[in-house]
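> what shape does this take:
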Amino acid sequence: MKIIIIKKKLLANTVLYLSLFAVIITLIYFISNNFESIQTISPINISQDAHYDLTGDGIKETLEMLNSQNKIDFNIKSSKYDYYLSNEIKDKTLFTINNHWEPKVFIHDISRDNIPEIILIGSKDNKPTSYIFHWNKDKFNLISSNQNNISGILDCKNSRTPQFYSLLSSEGLSSLKSFMLINNKSLDTSKENVTLPSLDSATQFINLIEFQYLPDDLPGIFTSTIDKNNLSLLWTLDKENYSYTFQNAFFYDYRWNDSGEPSSIRWRLSFEKSDKKGSNAGKSELVLLIDLNLDQIDSSYKINSIQKIS
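Next up is the predicted model:
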């Protein structure tokens, strides 16, 4: 009888411990997934004091935007020096002022050297313009500049080396360029990258926003599980009174499958919203965030979320 009681206690304790272990593993899984999902790359609020360690010395610098004579510059103020990023540009002009196309600043460690790169995206003479700056011991070097209106990072936070991509929406994949930053040098990887995950669905969505009206049947770029409230945003654009023109986009991946492919990619899309009455004062910026998930059946990327930011 004692043996049976002991075995029952042992069995009960074993079940209890296994249950606790399962609960702990489950919690870790959900916490890990939630942590991963919030690892976003968002433009910093430059209207407030932005303090970041941009030189890797453990001391935060101040990043400030300067407007003067129709030009926009960025200054990085350290305890000893001021670094005006326009000094790295031939004509000393980063961007020109455009009230419905303000520059955006993204901070991300593309080089994986624990010193973040500075990514600037905006317009210059009403054309899309972007720059990437990298700290190199005593100054910020210009690593890349282009007039493409789509740019982004893949493998941004997994075990692989991040790659930066850019292309012009009007030319598609024929204009696709990509590179890695290794040992403070840019390594061109354009020949190895002939496609861009999620580009097709994102482009169809851009076209959908630019159309003068919404079609009766939406294209098959949305998941079956997308929230209907998300889709309803498309019918609040008031296209009878406003038109929308694509300005630029920034994308990045934030989840991956077992083979290392991006399983979730986020796009930040900027559009010029214009009053059809022709008033310049009626122009503003519409910003939409879309999240795309990899469809396991046909290996395409479909939109699972739409958010209106401004």
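> which parts of the stretch 1-150 of the chain are helices?
In the stretch 1-150 of the chain, the helices defined using DSSP state H, counting those that start in this stretch lie at 2-37.
> sorry, wrong one. I was asking about the stretch 151-300 of the chain.
Using DSSP H, counting those that start in this stretch, the helices of the stretch 151-300 of the chain run over residues 199-210, 228-231.
> could you dump the ones you listed to a markdown table with mean neighbour count?
Every residue, glycine included, has its C-beta placed from N, CA and C. Shown next, in a markdown table, are the helices of the stretch 151-300 of the chain (neighbours: other CB atoms under 10 Å):
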| stretch | mean neighbour count |
| --- | --- |
| helix 199-210 | 18 |
| helix 228-231 | 11 |
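> rank those by pLDDT, which is bottom?
Here the helices of the stretch 151-300 of the chain differ in mean pLDDT, and the lowest is helix 228-231 at a mean of 93.
> quick one: list the elements packing against that one.
Helices and strands touching helix 228-231, as assessed by 3 or more CB pairs under 8 Å, 6 or more residues apart in numbering; DSSP states H and E, comprise strand 301-308.
> what does the strand it packs on contact?
197-198, 200-202, 205, 220-223, 225-227, 230-231, 233-234, 265, 286-295 (CB atoms under 8 Å, 6 or more residues apart in numbering).
> which among the residues you listed end up buried?
Buried positions within those, assessed by neighbour count (16 or more other CB atoms under 10 Å), are 197-198, 201-202, 205, 221-222, 226, 230, 265, 286-288, 290-294.
> which residues does residue 249 contact?
149, 150, 151, 152, 169, 202, 206, 267, 268, 269, 270.
> contacting residues for the last one?
Residues in contact with residue 270 (CB under 8 Å, 6+ apart) are 101, 246, 247, 248, 249, 285, 286, 287.
> which residues does the second one bridge with?
Using DSSP bridges, the bridge partners assigned to residue 246 are residue 271.
> that one contacts residue 269, correct?
Yes. The pair residue 246 / residue 269 is scored as a contact, 7.3 Å apart, by CB atoms under 8 Å.
> find residues that contact each of those two.
Common neighbours of residue 246 and residue 269 (criterion: CB under 8 Å, 6+ apart): 206, 209.
> okay, these two: which has more neighbours?
Between residue 246 and residue 269, residue 269 has the larger neighbour count (other CB atoms under 10 Å), namely 22 against 19.
> neighbours of residue 174, just the number please.
As a burial measure, residue 174 scores 8 neighbours (other CB under 10 Å).
> returning to that earlier point: any chance of the helices of the stretch 151-300 of the chain in a markdown table, with distance to residue 239 too?
A markdown table is the format used below for these (distance: least, CB to CB, whole Å):
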| stretch | distance to residue 239 |
| --- | --- |
| helix 199-210 | 9 |
| helix 228-231 | 15 |
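> out of the ones you listed, the one nearest residue 163 is which?
Proximity to residue 163 (CB to CB) singles out helix 199-210 among the helices of the stretch 151-300 of the chain, at 14.3 Å.
> ok now the closest one, how far from the chain's centre?
16 Å (CA atoms, centre = their mean, to the nearest Å).
> okay, the angle between that helix and strand 301-308?
40 degrees (axes from the mean of the first three to the mean of the last three CA atoms, to 10 degrees).
> ok, and what's touching helix 199-210?
With CB under 8 Å, 6+ apart, helix 199-210 has contacts from 150, 167, 169, 172-173, 214-215, 218-219, 221, 234, 237, 244-246, 249, 251, 267, 269, 271, 286, 288, 290, 292, 300-303.
> between the contacts of residue 270, which is nearest residue 44?
Nearest to residue 44 among the contacts of residue 270, counting by CB to CB, is residue 287 at 14.7 Å.
> okay, and the beta partners of the closest one?
Assigned bridge partners for residue 287, using DSSP bridges, are residue 270.
> same check on the one 5 residues further on?
Residues found in beta-bridge contact with residue 292 (criterion: DSSP bridges) are residue 265, residue 303.
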